[in-house]
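Trainee: build me a structure from this.
(chains A and B)
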Number of protein chains: 2
Amino acid sequence: MFEKILIPIDGSEKSLEAVQIASEMAKVYESEIVILSIFRHHSMMERSFSMAGISKRTESLDETLSAYAKEIVEEGKRVAKEVGATKIKGVVRGGQVAKQILNYAKSNDIDLIVIGSQGQGDLSGYLLGGVSHKVAGLAKCPVLVV
Amino acid sequence: MFEKILIPIDGSEKSLEAVQIASEMAKVYESEIVILSIFRHHSMMERSFSMAGISKRTESLDETLSAYAKEIVEEGKRVAKEVGATKIKGVVRGGQVAKQILNYAKSNDIDLIVIGSQGQGDLSGYLLGGVSHKVAGLAKCPVLVV
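Mentor: Model (predicted):
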């Protein structure tokens, strides 16, 4: 039923809890899990700046954010292995977070998305983080909010 | 991992889809599933009306809504049995929907709530129905939004 599980993570505690629960489920369903980390694409966003200095600065910012996203994925993979998941894939993408998650899920026949209720950037006390809310509301597959 | 699964339903298509998915999971995890239907408690809400006529009318409205909620639970149980779930319990409660769901989950050691993304009363086009949003954001256990 859940052959391919997508776990979008941002390194927050809740997102690593999502990796744990998804990995437990992956053992039962023999699922492949995909750990996805998304970084905001500053050079794309700020292409309108014409000054060469800023363009260079945003490029190096992108590199730093991309490297950080890779580290987050590695941490997620470590947690998944620890729980006992075997088919683990790591993916890093740049862009708008909710949009990238939904696009990835759609293009890769994901059967289940497991996501933390609040991420790094969310104000605690809110019902659901913005990304989780969008993903749970707009995904074509079931979404497990952890 | 998911010993007790709660499925709040309102008879909508999405809520019966939630019963199907939860029942599939219940077969794998040998879970007990609880199908919960909640009706708005009009006589409680409108106790402030002092006119005897209105009080009587709301009491009979409660009876009608309660009977309808029971029918919805029976329909949910039928779907769950069809899928092959075995440990099925039906519960009807009166009161505020999200609050009753969260209270039930907390008081009955529910491990997972499976809920439709939008219910009968929700405007389509919204990200998530109001009840699903509250439940996914406030539950102490994971919530699978279908």
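
Trainee: can you classify residue A:2 by secondary structure?
Mentor: Of the three states, residue A:2 takes coil under DSSP: H, G, I helix; E, B strand; the rest coil.

Trainee: oh sorry, the question was meant for residue A:79
Mentor: Applying three-state DSSP: residue A:79 is helix.

Trainee: work out for me the element the nearest residue to it once chain neighbours are set aside sits within.
Mentor: Closest residue in space to residue A:79, ignoring its immediate chain neighbours: residue A:19 at 4.6 Å, by Cβ to Cβ, 6 or more residues apart in numbering or on different chains. To be clear about C-beta, it is placed using only N, CA and C from the backbone, and glycine gets the same treatment. Taking DSSP states H and E as the definition, residue A:19 sits inside helix A:13-29.

Trainee: so which residues make contact with that helix?
Mentor: The contact list for helix A:13-29 (Cβ atoms under 8 Å, 6 or more residues apart in numbering or on different chains) reads A:1-3, A:5, A:7-9, A:31-33, A:35, A:75-76, A:79-80, A:83-87, A:112, A:114-119, A:144, A:146, B:1, B:28-29, B:142.

Trainee: 7 Å instead, please
Mentor: A:1-2, A:5, A:7, A:9, A:31, A:33, A:35, A:76, A:79-80, A:83-85, A:114-119, A:146, B:1, B:28, B:142 (Cβ atoms under 7 Å, 6 or more residues apart in numbering or on different chains).

Trainee: can you list the strands that the helix or strand following it pairs with?
Mentor: Past helix A:13-29, further along toward the C-terminus, the next helix or strand under DSSP H and E is strand A:32-39. Sheet pairing of strand A:32-39 (DSSP bridges) gives strand A:4-8 (parallel), strand A:88-94 (parallel).

Trainee: so is stretch A:135-146 next to chain B?
Mentor: Yes. If you take Cβ under 7 Å from any Cβ of the partner chain as the test, stretch A:135-146 does meet chain B, through A:136, A:137, A:138, A:142, A:143, A:144, A:145, A:146.

Trainee: which ones are touching the first one?
Mentor: In this case it means residue A:136. Counting by Cβ under 7 Å, 6+ apart, residue A:136 touches A:143, A:145, B:117, B:128, B:136, B:145.

Trainee: host element of it?
Mentor: Under the assignment given by DSSP H and E, the secondary-structure element containing residue A:136 is helix A:130-138.

Trainee: show me what the helix or strand that that helix is followed by is in contact with.
Mentor: Past helix A:130-138, heading to the C-terminal end, the next element that is a helix or strand (DSSP H and E) is strand A:143-145. Applying Cβ under 7 Å, 6+ apart, the set of residues contacting strand A:143-145 from outside is A:112-115, A:117, A:132, A:135-136, B:136, B:142-145.

Trainee: how many other residues sit next to the nearest residue to residue A:92 once chain neighbours are set aside?
Mentor: Counting by Cβ to Cβ, 6+ apart, the nearest residue to residue A:92 once its immediate chain neighbours are dropped is residue A:69, at 4.7 Å. Counted with other Cβ atoms under 10 Å in any protein chain shown, residues neighbouring residue A:69 total 23.

Trainee: what are the buried residues along the helix or strand where residue A:69 lies?
Mentor: Of the helices and strands defined by DSSP H and E, residue A:69 is found in helix A:52-83. In terms of neighbour count (16 or more other Cβ atoms under 10 Å in any protein chain shown), helix A:52-83 has its buried residues at A:58, A:61-62, A:65-66, A:69, A:72-73, A:75-77, A:79-80, A:83.

Trainee: show me which of the residues you listed is closest to residue A:97.
Mentor: Residue A:97 has its nearest neighbour among the buried residues of helix A:52-83 in residue A:69, at 10.8 Å by Cβ to Cβ.

Trainee: where's that closest one relative to chain B, distance?
Mentor: Residue A:69 sits 25 Å away from chain B when distances are taken as Cβ to the nearest Cβ, to the nearest Å.
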